[in-house]
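Enquirer: what's the 3D shape of this:
(2 chains)
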Amino acid sequence: MPPRRRRFPTAYWLIAPGVVWMTLFLVIPILMIVYVSFWTQSTFKIEPVLTTRSWEAFFGSDTYVGALWTTIRIWLIVLCTTLVVGYPTALFVGLFVRNKTLSTALLVLCVIPFWTSFLIRVLAWRPMLGKEGAINIILQALHITSAPIDALLFTELSVIIGMTQIYCVFMVGPIAFMLGRIDPNVIEAARDLGAGFFRIFRTIILPLSMPGVIVGAIFVSVMVLGEFATASALSGRKVNMLGNIIVTQVGSLKWAFAAVVGVVLTVLMGIVVAAFLRVVDLKREL
Amino acid sequence: MQAPLIKPALAIYTALFLVFLYGPLLVLTILSFQTGPNGGPQFPIIEWSTYWYRDIFGLTPPSRIAPLPIQQSLTRSLMLASMTMVVSTVLGVLSAQAFRTRFKGSGVVFYLIVLGMMVPGVLVGLGLALVANALGVDRTWWGTAFVLHVVYTFPFAFLVILAIFNRFDASVEEASWSLGVSPIRTFRKVTFPLIFPGVLSAMLFAFTLSYDEFSRTLFSSGRDLTLPLAIYGTFSIEIHPNIFAFGVLTTLFSFALLAVYAILMALSVRRAKRVAVQEES
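Expert: Sure thing, here's the model as predicted:
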């Protein structure tokens, strides 16, 4: 065994490449966004002369502030829909299916769609939701509606439907994992003492699955807050999230404005993740 | 459980959930067999054909519909994913190995690494583009985009291998050290074979994540497109079923990749078992 005192330096040598990489290519770029957000923006170029003009432009514009609210609204709605849609499935897979092979197979079945390109998965919603899309055809064939529903595509609704399908698996996975770790004897004992299902659910299952819900919520939040592709593909560019604003601003070489939006997005993300991490210790749950 | 109706109700719900999950992919697959070049990306199917599959490979006569620019972008994406896979797995193994000893600042370093998978792609993409502009560095898919891909996949590799180390019996290593084997040789002969399944999973993660990554790539890759960027380019124009056919093909490719992973995994598990049997006898 190598001498004890040599092991501390060894750990530092091992961790150094990772830390250097993350500092250079993650921390510095984020700091750069903050710095550039105070640069002076003229029509096609930016100069490192510090000013708060871009910030004033952001908070003085209905479009930008509107995008901030849209982002928060869509994030909250998608967080709820993925939870509501995903929880029962996770409950079934993680708790009710006691056969290990079957529950693994069901989870794999949930993950398979992820081996299709994300962008193509987004585009696949267009022939589903369109005026002559699959859902309208089915609804009419079943005589539930007489005319095609127009509001399904190129609205905020289509963005929410698409995001729910794309991100709900990130909710199902962690929750099912947590539920799978519940000792069946605990539930058995509660039942022997005469507790009904809903009481067991409220007092045992729900609290014990909370870490899974939080981890899932972090995944979904992080991904939805930075989204722009789904919003632009399924809303016909009508729904603008902060990500969409960044993309359009960069497209017209307004780097300083884009940086302001970037800082707002970072702050929003930081608040959300920090709030979730206060509830659960991510490092302990892994 | 007690209420007898709950289990079947949840089973039906799960079935519906799977329909919701697979519906768009099913529709996409059906529409990829639409007739071409006049059949559109919507119902009804005018006539079943493999036109759009042939269109991808350039086997159809030229028409007003632009072909998908996949040839070169596919090569770039595969190379980028391979490079990302190797570098992030190496970084992941090194860092996870470091975390087996307690060192000062390990908490901060943990969150620094995990931050890489947390920060929205469009944000780091913008940040690195700004840094590159300020330094006058050209943005390329093999340079600026590559380092960002590693920023994204390295945390996954790190966490996967960390999880393996958590269930690791360190006494074998100590036995090796006490027999006078050097730490590097011990790592190669004892530690690495034991964590090999984790390394394989980390590689699979890194490859597939990088292969499909586009929000980080968008601002950082410069002029030459990677595959996801080529697909993203079709968002702004009218879409045709060739993109659906391409979706089906990439999914099949991913399954092939998954099959290779499964085979390698099965082989390594079998070898581990054989070694264990030899030790017992």
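
Enquirer: Spatially central residue for chain B, please.
Expert: Of all residues in chain B, the one closest to the mean position by C-alpha atoms, centre = their mean is residue B:208, 1.6 Å from it.

Enquirer: A strand includes it, no?
Expert: No: the assignment for residue B:208, made by DSSP: H, G, I helix; E, B strand; the rest coil, is helix rather than a strand.

Enquirer: Which pLDDT value goes with it?
Expert: On the pLDDT scale, residue B:208 is placed at 91.

Enquirer: which residues touch it?
Expert: Going by C-beta atoms under 8 Å, 6 or more residues apart in numbering or on different chains, residue B:208 touches A:115, B:81, B:254, B:257. All C-beta atoms are positioned from the backbone trio N, CA, C, and that covers glycine.

Enquirer: part of a helix, is residue B:36?
Expert: No: for residue B:36, which was evaluated using three-state DSSP, the result is coil, with no helix membership.

Enquirer: and residue B:132, helix, strand or coil?
Expert: On the three-state scheme (three-state DSSP), residue B:132 is labelled helix.

Enquirer: wait, isn't it in contact with residue B:138?
Expert: Yes: here residue B:132 reaches residue B:138: they are 7.5 Å apart, a contact under C-beta atoms under 8 Å.

Enquirer: Looking at those two, which one has more neighbours?
Expert: Using other C-beta atoms under 10 Å in any protein chain shown, the more surrounded residue of residue B:132 and residue B:138 is residue B:132, with 20 against 9.

Enquirer: Please tell me how far the more buried one sits from residue A:25.
Expert: From residue B:132 across to residue A:25, the span is 11 Å (C-beta to C-beta, to the nearest Å).

Enquirer: And residue A:213, how close does it get to residue A:176?
Expert: Counting by C-beta to C-beta - residue A:213 and residue A:176 are separated by 11 Å.

Enquirer: between these two, who's got more neighbours?
Expert: Higher neighbour count among residue A:213 and residue A:176: residue A:176, with 26 against 21, using other C-beta under 10 Å.

Enquirer: gap between that one and residue A:222?
Expert: From residue A:176 to residue A:222 the distance is 20 Å (C-beta to C-beta).

Enquirer: same check, this time on residue B:176
Expert: 41 Å.

Enquirer: now swap in residue A:169 and tell me
Expert: As judged by C-beta to C-beta, residue A:169 and residue A:222 stand 14 Å apart.

Enquirer: And for residue A:105?
Expert: 28 Å.

Enquirer: Of these two, which one has the most company?
Expert: residue A:222 (19 against 12).

Enquirer: Now for the more buried one: which residues touch it?
Expert: Applying C-beta under 8 Å, 6+ apart, we find residue A:222 in contact with A:269, A:273, B:118-120.

Enquirer: which one of those is nearest residue A:121?
Expert: residue B:120 (18.4 Å; C-beta to C-beta).

Enquirer: In space, what's closest to that closest one - neighbours in sequence excluded?
Expert: residue A:226 (2.2 Å; C-beta to C-beta, 6 or more residues apart in numbering or on different chains).

Enquirer: burial measure for that neighbour, as a count.
Expert: Neighbours of residue A:226 under the rule other C-beta under 10 Å: 26.

Enquirer: wait, isn't it in contact with residue B:121?
Expert: Yes: when contacts are counted by C-beta under 8 Å, residue A:226 is listed as touching residue B:121 (6.1 Å).

Enquirer: Mutual contacts of these two, please.
Expert: What both residue A:226 and residue B:121 touch, as defined by C-beta under 8 Å, 6+ apart, is the set residue B:215.

Enquirer: now check the longest helix along chain A, is it near chain B?
Expert: Scanning chain A for the helix with the most residues, using DSSP state H, yields helix A:62-91. Yes: with C-beta under 8 Å from any C-beta of the partner chain as the measure, helix A:62-91 is seen reaching chain B through A:85-86, A:88-89, A:91.

Enquirer: Identify the farthest-apart pair in the residues you listed.
Expert: Spanning the widest gap among the residues of helix A:62-91 next to chain B are A:85 and A:91, at 12.0 Å by C-beta to C-beta.

Enquirer: host element of the nearest residue to residue A:85 once chain neighbours are set aside?
Expert: Spatial nearest neighbour of residue A:85, excluding adjacent residues (C-beta to C-beta, 6+ apart): residue A:168 at 5.1 Å. Assigned by DSSP states H and E, residue A:168 belongs to helix A:156-180.

Enquirer: name the helices or strands packed onto that helix?
Expert: On a contact count with 3 or more C-beta pairs under 8 Å, 6 or more residues apart in numbering or on different chains; DSSP states H and E, helix A:156-180 meets helix A:62-91, helix A:100-111, helix A:118-123, helix A:125-129, helix A:206-225, helix A:229-234, helix B:6-31.

Enquirer: can you list the residues that contact the second one?
Expert: Just to be clear, that refers to helix A:100-111. Applying C-beta under 8 Å, 6+ apart, the contact partners of helix A:100-111 are A:89, A:92-94, A:97, A:169, A:172-173, A:176, A:180, B:14, B:18, B:21.

Enquirer: Can you report how many residues lie near the nearest residue to residue B:11 once chain neighbours are set aside?
Expert: The shortest distance from residue B:11 to any residue other than its chain neighbours is 6.3 Å, reached at residue A:92 (C-beta to C-beta, 6+ apart). Neighbours of residue A:92 under the rule other C-beta under 10 Å: 25.

Enquirer: Wait, residue A:92 touches residue B:12, no?
Expert: No: at 9.6 Å, residue A:92 does not count as touching residue B:12 under the criterion of C-beta under 8 Å.

Enquirer: all strands of the stretch 51-200 of chain B, in order?
Expert: Assigned by DSSP state E, counting those that start in this stretch, the strands in the stretch 51-200 of chain B number zero.

Enquirer: Between the contacts of helix A:100-111, identify the one with the most neighbours.
Expert: Compared across those, residue A:172 has the highest neighbour count, 30 neighbours, by other C-beta under 10 Å.

Enquirer: Check the contacts of helix A:100-111 and tell me the two furthest apart.
Expert: Longest span within the contacts of helix A:100-111, C-beta to C-beta: A:180 and B:21, 19.7 Å.

Enquirer: where does the stretch 1-150 of chain A dip in pLDDT?
Expert: Across the stretch 1-150 of chain A, the ranges flagged by pLDDT under 70 are A:1-8.

Enquirer: Now it against chain B: closest residue?
Expert: Of all residues in the stretch 1-150 of chain A, the one sitting closest to chain B is residue A:29 (2.7 Å; C-beta to the nearest C-beta).

Enquirer: For that residue, which residues are in contact?
Expert: By C-beta under 8 Å, 6+ apart, the contact set of residue A:29 is B:124, B:126-128, B:130-131.

Enquirer: and chain A, which of those reach it?
Expert: Applying C-beta under 8 Å from any C-beta to those, those adjacent to chain A are B:124, B:126-128, B:130-131.

Enquirer: about what we covered before: got a quick PyMOL command for the buried subset of the residues of helix A:62-91 next to chain B?
Expert: The buried residues among those can be selected in PyMOL (16 or more other C-beta atoms under 10 Å in any protein chain shown) with this line:
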select buried, chain A and resi 85+86+88+89+91
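
Enquirer: can you put the residues of helix A:62-91 next to chain B in TSV and add distance to residue A:188?
Expert: Listed next are the residues of helix A:62-91 next to chain B as TSV, based on distance: C-beta to C-beta, whole Å:
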residue	distance to residue A:188
A:85	29
A:86	26
A:88	22
A:89	23
A:91	17
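
Enquirer: What is the nearest of the residues of helix A:62-91 next to chain B to residue A:148?
Expert: When these are ranked by distance to residue A:148 (C-beta to C-beta), residue A:85 comes first, at 24.4 Å.

Enquirer: which ones are touching that closest one?
Expert: Counting by C-beta under 8 Å, 6+ apart, residue A:85 has contacts A:164, A:168, A:171, B:17, B:20.

Enquirer: Please render those as TSV that adds neighbour count and pLDDT to the earlier fields.
Expert: Output for the contacts of residue A:85, formatted as TSV (neighbours: other C-beta atoms under 10 Å in any protein chain shown; pLDDT from 0 to 100):
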residue	neighbour count	pLDDT
A:164	23	96
A:168	26	93
A:171	27	94
B:17	25	95
B:20	15	93
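
Enquirer: That's all I had, so thanks and see you.
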